[in-house]
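S.K.: Prediction below, plus the sequence it came from.
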Amino acid sequence: MSEYSLKTSKCSLLPLRVILVFFVSLVALYICYLCMNQITVEKNARDALFTIRKAENLCPHNIRPEEIQYMHFPQPRTYNRSGSGWFETLLNSHPNVSSNGEIFSIKARRADSSSIMKTLDTVYNLDWLSSAAKNECVAAFGLKWMLNQGLMDHQKEILTYFKAKGVSLIFLFRRNLLRRFISVLANDYDRQEKQLNGTHKAHVHSREEAEILARFRPIINTATLISNLSDAEKAIADCLQYYSSIRHIILYYEDIINNQDALSRVQEFLRLPIRKLVSHQVKIHTRPLSEQVINWKDVLKTLNETQYDHFLNHVDYYS
């Protein structure tokens, strides 16, 4: 097996690299944008009035006119290696959802607050072009936004923007931060080694590819392990505290895997017709934790009888 020290990946020590999959599927006033011929909005000092002329062929969801003002732009937010890519493919399998991916991974789009607002405006005006964009019946649209992509650097401006636009947030976390940490190390290793025919893949669509990537086992630096887990917890808590005033829902990766009701709850949150959501991605790490780390005995010794010892035997995947 390959050995890969934590020291080779300084970025994975940053708290902002944790999995906070903060997913932003923004829905608001454009809820029936291409499902209706015309939406006329008249505003007075206190109320917004919506006059709607329906087309002959409506979208499959039924939204009462008086509810439209409460619709939102959902935005998924996440940490690295929390299952955010998989979750986004599930969302995009719904015929009325367009989530446009990790658009703030490009630094120019998050260079400053004005760049961020300009990018968000493009998404909210339905002018963003991506493979996920749907041309009709879009009820929820948005993007995936990681914590280390300017989200926590321009909090005040982003919070004001979200409130003004009626944005709703989907927070995606992973309960077992130790499993997430191992996944981060494995992903960083493949980014360097490109094990699949010279190509780095954070997500795979075949069992054969998943098995190749799963062969790698890292050596975890136990001297910094507890502080890494603590930093991850703090980053999650800080983000939740700051954005808690925005309409939101909190999801956990493990719950989505093991409880189909979790996806129904997401669709209800987005006020969508309930559909079976599917993804062609294949999970990479399915083995017990003891088989995923070379120095597992050292990890056991480090975390035993600490606040993190419940991660050692926690199972997040049932085959």
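M.R.: That came in fine, so what should we check first?

S.K.: My read is that His154 contacts Ile116, right?
M.R.: Yes - between His154 and Ile116 there is a contact under Cβ atoms under 8 Å: 6.0 Å. For the C-beta atoms, the positions are set from N, CA and C on the backbone; glycine is no exception.

S.K.: Comparing those two, which residue is more hemmed in?
M.R.: Neighbour comparison, His154 and Ile116: the larger count goes to Ile116, with 22 against 17 (by other Cβ atoms under 10 Å).

S.K.: which non-adjacent residue is nearest the more buried one?
M.R.: Take Ile116 and drop its neighbours on the chain: the residue closest to it by Cβ to Cβ, 6 or more residues apart in numbering is Arg110, 5.4 Å away.

S.K.: Tell me how far that neighbour lies from Ala202.
M.R.: Per Cβ to Cβ, to the nearest Å, Arg110 is found 20 Å from Ala202.

S.K.: Check Leu178 too.
M.R.: Going from Leu178 to Ala202 by Cβ to Cβ gives 19 Å.

S.K.: Between those two, which is the more surrounded one?
M.R.: Using other Cβ under 10 Å, the more surrounded residue of Leu178 and Ala202 is Leu178, with 24 against 16.

S.K.: Could you find the closest non-adjacent residue to that one?
M.R.: Phe311 (3.9 Å).

S.K.: OK, contacts around that neighbour?
M.R.: 176-179, 229, 303 (Cβ atoms under 8 Å, 6 or more residues apart in numbering).

S.K.: from these, which is closest to Asn148?
M.R.: Nearest to Asn148, judged by Cβ to Cβ, of the contacts of Phe311 is Leu177 at 16.1 Å.

S.K.: Let me have the contacts of Phe311 in TSV, extended by distance to Arg217, secondary structure and pLDDT.
M.R.: Shown next, in TSV, are the contacts of Phe311 (distance: Cβ to Cβ, whole Å; DSSP: H, G, I helix; E, B strand; the rest coil; pLDDT from 0 to 100):
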residue	distance to Arg217	secondary structure	pLDDT
Asn176	17	coil	94
Leu177	18	helix	95
Leu178	14	helix	96
Arg179	13	helix	94
Leu229	19	helix	97
Leu303	17	helix	98
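
S.K.: out of those, who's nearest Lys165?
M.R.: Leu177 (31.5 Å).

S.K.: among the helices and strands of the protein, which has the poorest mean pLDDT?
M.R.: strand 48-54 (a mean of 23; mean pLDDT, DSSP states H and E).

S.K.: Do a quick rundown of the strands in the stretch 151-300 of the chain.
M.R.: 168-173, 248-252 (DSSP state E, counting those that start in this stretch).

S.K.: nearest to Ser183, of these?
M.R.: strand 168-173 (13.5 Å).

S.K.: Send over the closest one as PDB, restricted to the C-alpha atoms.
M.R.: Extracted as PDB, the C-alpha positions of strand 168-173 are listed here (Å, rounded to 0.1, in the frame of the first residue of the first chain):
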ATOM      1  CA  SER A 168     -32.500  29.800   1.400                       C
ATOM      2  CA  LEU A 169     -29.500  27.700   2.400                       C
ATOM      3  CA  ILE A 170     -28.800  23.900   2.500                       C
ATOM      4  CA  PHE A 171     -26.000  23.100   4.900                       C
ATOM      5  CA  LEU A 172     -24.400  19.700   4.300                       C
ATOM      6  CA  PHE A 173     -22.100  18.300   7.000                       C
END
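
S.K.: which other helices and strands contact it?
M.R.: strand 19-26, strand 73-79, helix 222-243, strand 248-252, helix 261-269 (3 or more Cβ pairs under 8 Å, 6 or more residues apart in numbering; DSSP states H and E).

S.K.: before we move on, the earlier item: I'd like the contacts of Phe311 laid out as a markdown table, including distance to Ala237.
M.R.: Formatted as a markdown table, the contacts of Phe311 follow (distance: Cβ to Cβ, whole Å):
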| residue | distance to Ala237 |
| --- | --- |
| Asn176 | 17 |
| Leu177 | 12 |
| Leu178 | 18 |
| Arg179 | 19 |
| Leu229 | 13 |
| Leu303 | 20 |
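
S.K.: What's the mean pLDDT across stretch 277-286?
M.R.: Mean pLDDT, stretch 277-286: 92.
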